[in-house]
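**Student:** Provided below are the primary sequence and the corresponding predicted coordinates.
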Amino acid sequence: MKRFLKIVGIVAFLLYGLNLGLDYAISFKLQHSADRRYIGWSKIINEQLDADLVILGSSRAWVQYSPAILDSILQLNSFNMGIDGSALNRQIIRYEVFDHYHAKKPKYIVLNVDYFSAHEWSYGYEREQFFPYMWNPFMREEIGKVEPMSWAERYIPVYRYTTYKGLYNVVHEKPWDATTYKGYMGRESTWAVKAYEELTTLHITTDERVMAMFDQFLNERKQEGIQVIFCYAPIYIGLTDKADNLDEFFACFNGYAERYDFPILDYTYHELSMDTAYFYNATHLNKFGAELFSAQLAYDLDSIGVNR
């Protein structure tokens, strides 16, 4: 019996070691891929970005704020940390990861604020983007603040990959390639989506947990002497006109800006917001619109003293 148990123990140990090595290999592969789900996190963790200005937001930051244009006009170094499909809670965690790995703090944070910034405690969407970083104790802790992970997903090698799409599919999955420059990915698409037309009314909501986390984030940046610029980037006017509590939305976020004495740049009724030629859907500028917006934003930032 003892011999049997010893053999079982050795086999279990060898299998665990094999799975551990396999997990490490898969995680390493994904961290160094060009896949848009992983590349942003990897750059923040593994590269010294030396950013004077960082851009925070969801996909509406990711595809709309061009660091190349901002840098050329403002003569500083910027980086776009927009994260697809994410409300403020995930955006703040991304900044905290950046802050942990970079001794140099930015002078400025441009925060994209829109109707969906705080409407829910976002989790679940593309949660596989976090899988390769479960090896990292700091990342595991940060991710756990906003993305529920089971004990098995956190600590059992390979398990999280098998529950996602199956081990074979994860290994052979074609990368969701995205050509980015300093975190930004302009979309060449033209207007094609009319889903907003099916919406009769847009009611903007805020989640109390998100707003509490946001308040703490602003307070910490104020204490550090970092200027946060609230930016209401263009959203197609056809969607804005459907909002039934727009004044309440602006009062909420403008109140936070005023409390901490942070500036606001508002493009809600800018000419870019009036024409579908600048959008690929109601909430996202296409590359043409994004680059026009980035230039306008750069000049407006310069006018309020944001520069090297």
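**Tutor:** That came through fine.

**Student:** contacts and neighbour counts: CA atoms only from here.
**Tutor:** Noted.

**Student:** helix or strand with the lowest mean pLDDT in this protein?
**Tutor:** Every helix and strand in the chain was compared by mean pLDDT, DSSP states H and E; the lowest is helix 167-172, with a mean of 68.

**Student:** give me the contacts around the helix or strand just after it.
**Tutor:** Reading on from helix 167-172 to the C-terminus, the next helix or strand found by DSSP states H and E is helix 208-224. Residues outside helix 208-224 that contact it (CA atoms under 8 Å, 6 or more residues apart in numbering): L88, N89, I92, A118, E120, W121, Q227, V228, Y256, Y260.

**Student:** starting at the chain centroid, how far to helix 208-224?
**Tutor:** Centroid displacement of helix 208-224 relative to its chain, using CA atoms, centre = their mean, to the nearest Å, is 17 Å.

**Student:** again, but for stretch 75-83
**Tutor:** Centroid separation for stretch 75-83 versus its chain: 12 Å, with CA atoms, centre = their mean.

**Student:** buried ones in that stretch, by neighbour count?
**Tutor:** Across stretch 75-83, burial judged by 16 or more other CA atoms under 10 Å covers L76, N77, S78, F79, N80, M81, G82, I83.

**Student:** show me those that map onto strands.
**Tutor:** Of the buried residues of stretch 75-83, the ones assigned to strands by DSSP state E are S78, F79, N80.

**Student:** the first one against Y65, yeah?
**Tutor:** This points to S78. No. Using CA atoms under 8 Å, S78 and Y65 do not qualify as a contacting pair, with a distance of 10.0 Å.

**Student:** who touches both of these two?
**Tutor:** Residues touching both S78 and Y65 (CA under 8 Å, 6+ apart) are I55.

**Student:** circling back to that earlier point, any chance of the ones in strands among the buried residues of stretch 75-83 in TSV, with pLDDT and distance to S33 too?
**Tutor:** Below are those laid out as TSV (pLDDT from 0 to 100; distance: CA to CA, whole Å):
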residue	pLDDT	distance to S33
S78	96	23
F79	95	19
N80	95	18
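
**Student:** can you pull the phi/psi pair for L265?
**Tutor:** Phi and psi for L265, reported as degrees, to the nearest 10, are phi -120, psi 120.

**Student:** can you check Q227 too?
**Tutor:** The phi and psi values for Q227, taken as degrees, to the nearest 10, are phi -90, psi 120.

**Student:** packing partners for the longest helix along the chain?
**Tutor:** Looking across the chain with DSSP state H, the single longest helix is helix 2-31. Judged by 3 or more CA pairs under 8 Å, 6 or more residues apart in numbering; DSSP states H and E, the packing partners of helix 2-31 are helix 36-46.

**Student:** list the buried residues of the helix it packs on.
**Tutor:** Judged by neighbour count (16+ other CA under 10 Å), helix 36-46 contains these buried residues: R36, R37, Y38, I39, G40, W41, S42, K43, I44, I45.

**Student:** what angle sits between that helix and helix 2-31?
**Tutor:** 90 degrees (axes from the mean of the first three to the mean of the last three CA atoms, to 10 degrees).

**Student:** avg pLDDT for the following helix or strand past helix 36-46?
**Tutor:** Per DSSP H and E, helix 36-46 leads on to strand 53-56 as the next helix or strand towards the C-terminus. For strand 53-56, mean pLDDT rounds to 97.

**Student:** got a list of contacts for strand 53-56?
**Tutor:** With contact meaning CA under 8 Å, 6+ apart, strand 53-56 is reached by 61, 65, 76-83, 91, 95, 106-112.

**Student:** quick one: low-confidence parts of the stretch 101-250 of the chain?
**Tutor:** Applying pLDDT under 70 to the stretch 101-250 of the chain flags residues 121-124, 166-168, 171-172, 174-179, 193-196.

**Student:** L199: how many residues sit nearby?
**Tutor:** Look at L199: counted by other CA atoms under 10 Å, it has 10 neighbours.

**Student:** check contacts around the residue positioned nearest the centre of the chain.
**Tutor:** The centre of the chain sits closest to I83, judged by CA atoms, centre = their mean, with a distance of 1.9 Å. Residues in contact with I83 (CA under 8 Å, 6+ apart) are L56, G57, S58, S59, A61, W62, R90, Q91.
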